[in-house]
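Asker: sharing a model that was predicted from the sequence below.
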Amino acid sequence: MTSSPPVGYHAKSSHTPFDSMLEATNLACVRGARRLFSDLNFSLVPGTLLQVTGPNGSGKTSLLRIICGLMAPEEGEVRWQGANINSLGEDFSRNFTYLGHRNGVKEELTSVENLRITAGLTGIELTKSGAAQALAEVGLAGREELPARFLSEGQRRRSALARLITGGRTLWVLDEVLASLDAAAVNMVERLIERHVSGGGMAIVTTHQLLNFSPGSFQRLELATELASGSASPGLLS
Amino acid sequence: MFRWIVARDLMLAWRRRADVLSTLFFFVIVVSLFPLGIGPETELLRSIAPGTVWVAALLASMLSLNRVFSNDYHDGTLEQLLLTPQPLYLVVVGKVLAQWLVSEVPLVLIAPLVGVQFGLSPDTLLVLFVSLLIGTPILSLIGSIGAALTLGLRGGGVLVALLVLPLYIPVLIFGAGAVDATIVGIDPMANIYLLTALLVLSLVFAPWATAAALRISLE
């Protein structure tokens, strides 16, 4: 792990570190008796992709859940546009789409229904054709009206990915987003993220594979497992 | 957004009709077993009717409680519900309302019918109906706390019963008490009022407790 300047400095010249949208300061996470990471700092400005890497059990998922406010950090805080996400409460949810290990797709419902209901729950009225269009974009054309239990694992993942398109949120928080996807779908996700980031969006992605693209500011955050060895603080690579 | 929560759960229940019907049939069968087991002793049947129907209602509601959050928990949609831009309190109220509509209302509607087996008078059947109508939402509300607390635990079903059934006791006492009062010719309104007070209390506090329990379970 090499030490490098904070993520903010890598952004396009028009941004200074001070207009960072998302900022994590001194985050620490403890699961059970294990301290997964501590003193973790990063900040994101519009148009940045942050890839979180690290071995199994290094706290990638925990970090993402902390960022979304699903989990409270042991120490430190996450700020969105300068305000602690706890003080923002539900309003913070308007700014991001989270895709976890579990797809969040109801087996009893068709892909269109899943998408429209999720949109409705977040306050967006999505038409049937709008949903079908998003599903076509993730490669589910012709399978929109099939209950999700008839879809393969990869197809369900694609169905979940359609939420990114319909959500229209600034920040994408994607946990193991490439799991169970085929090569074509991996490429599709990369293009999706690339388009999002180059359009001024932000994405935080955990994956074991290296993402194959080069937008303006592509950052990597590596989480270590062995904290006892002294290299406790996670390093930023770029 | 609130209507989407209710609509979603109603739609899911419609797609899994068998689950809903099994709760209803459980209630009908349990209530019907008593007259069959005890025989045609009208006086005895009449005096045990309020307790029997109410206990069957409590047990039937236990059956449907496990499903309120666990299905959503396992497929990840509960996480997504937590991340919607609305108070978790409202999400919980929406889900409990849907559970009540789907699992408890059919039971309330059929209760006067099964009550006939116990030789209850029309007046008594009406009070039974009203007491269940006010009492079953309390069961759903209190039960949701237990369901949220035991989320993701193995053997959660039995644990929910152990946690929640003792909390149902006041509802059982006032609910069955109202029907009892009518049978012996006393005004049942005192019990009904107390039951209504319980409903208001649980409507205010239970979703809040459930929301807190959900956050803990999902961490």
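Answerer: Here it is on my side, so go on.

Asker: surely A:Arg79 is in a strand?
Answerer: Yes. Using DSSP: H, G, I helix; E, B strand; the rest coil, the assignment for A:Arg79 is a strand.

Asker: distance check, B:Val108 against A:Leu36.
Answerer: Distance, B:Val108 to A:Leu36, by CB to CB, to the nearest Å: 49 Å. Every C-beta, even on glycine, is put in place using the N, C-alpha and C of the backbone.

Asker: more neighbours: which of the two?
Answerer: Set side by side, B:Val108 and A:Leu36 show more neighbours around A:Leu36, with 25 against 21, by other CB atoms under 10 Å in any protein chain shown.

Asker: give the closest residue to residue 125 in space, chain neighbours not counted.
Answerer: Just so you know, I chose chain A. A:Ala119 (7.3 Å; CB to CB, 6 or more residues apart in numbering or on different chains).

Asker: ah, I was thinking of chain B
Answerer: Spatial nearest neighbour of B:Leu125, chain neighbours left out: B:Pro112 (4.3 Å); criterion: CB to CB, 6+ apart.

Asker: repeat for B:Pro35
Answerer: Closest residue to B:Pro35 apart from its sequence neighbours, by CB to CB, 6+ apart: B:Gln117 at 4.7 Å.

Asker: just the helices in chain A please.
Answerer: Per DSSP state H, chain A carries helices over the ranges A:60-68, A:85-88, A:111-121, A:128-137, A:153-167, A:183-198.

Asker: and of those helices, who's closest to B:Ala13?
Answerer: In terms of CB to CB, the element of those nearest to B:Ala13 is helix A:111-121, at 13.7 Å.

Asker: got the CA coordinates for the closest one in CSV?
Answerer: Output of helix A:111-121 as CSV, limited to C-alpha atoms (Å, rounded to 0.1, in the frame of the first residue of the first chain):
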residue,chain,number,x,y,z
SER,A,111,-39.1,-7.5,-13.6
VAL,A,112,-41.4,-4.6,-14.7
GLU,A,113,-43.4,-4.8,-11.4
ASN,A,114,-40.2,-5.0,-9.3
LEU,A,115,-38.8,-2.0,-11.0
ARG,A,116,-42.0,0.1,-10.9
ILE,A,117,-42.7,-0.7,-7.2
THR,A,118,-39.1,0.1,-6.2
ALA,A,119,-39.4,3.4,-8.1
GLY,A,120,-42.7,4.1,-6.5
LEU,A,121,-41.3,3.5,-3.0
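
Asker: on that earlier part again, neighbours of the residue nearest to B:Pro35, how many?
Answerer: A count of neighbours around B:Gln117, defined by other CB under 10 Å, yields 16.

Asker: pLDDT score assigned to it?
Answerer: pLDDT, B:Gln117: 89.

Asker: then B:Leu153?
Answerer: For B:Leu153, the model assigns a pLDDT of 83.

Asker: kindly report the same for A:Leu135.
Answerer: Reading off the model, A:Leu135 has pLDDT 93.

Asker: identify the residues contacting it.
Answerer: Applying CB atoms under 8 Å, 6 or more residues apart in numbering or on different chains to A:Leu135 gives the contacts A:Ser111, A:Val112, A:Leu115, A:Ala141, A:Arg143, A:Glu144, A:Ser159, A:Ala162.

Asker: what angle sits between the longest helix along chain B and helix A:153-167?
Answerer: Longest helix in chain B, counting residues (DSSP H): helix B:42-75. Helix B:42-75 runs at 80 degrees relative to helix A:153-167, counting by axes from the mean of the first three to the mean of the last three CA atoms, to 10 degrees.

Asker: closest point of chain B to chain A, which residue?
Answerer: B:Gly76 (2.7 Å; CB to the nearest CB).

Asker: that residue - nearest residue in space that isn't next to it in sequence?
Answerer: Counting by CB to CB, 6+ apart, A:Arg102 is the residue found nearest to B:Gly76 once chain neighbours are left out, at 2.7 Å.

Asker: repeat that for B:Pro170.
Answerer: Distances taken as CB to CB, 6+ apart put B:Leu198 closest to B:Pro170, at 6.1 Å, once the chain neighbours are dropped.

Asker: let me know the secondary structure of the one you found.
Answerer: In three-state terms, and counting by three-state DSSP, B:Leu198 is helix.

Asker: what's the answer for the one 5 residues further on, then?
Answerer: Using three-state DSSP as the criterion, the local structure at B:Leu203 reads helix.

Asker: residues contacting it?
Answerer: By CB under 8 Å, 6+ apart, the contact set of B:Leu203 is B:Pro137, B:Leu141.

Asker: one more time with 7 Å, if that's ok
Answerer: With contact set as CB atoms under 7 Å, 6 or more residues apart in numbering or on different chains, B:Leu203 has these partners: B:Leu141.

Asker: remind me what the worst-scoring helix or strand of chain B on mean pLDDT packs against, helices and strands.
Answerer: When each helix and strand of chain B is scored by mean pLDDT, DSSP states H and E, helix B:156-164 comes last, with a mean of 86. Judged by 3 or more CB pairs under 7 Å, 6 or more residues apart in numbering or on different chains; DSSP states H and E, the packing partners of helix B:156-164 are helix B:42-75, helix B:122-149.

Asker: got the buried residues for that helix?
Answerer: With burial defined by 16 or more other CB atoms under 10 Å in any protein chain shown, the residues of helix B:156-164 counted as buried are B:Gly156, B:Val160, B:Ala161, B:Leu163, B:Val164.
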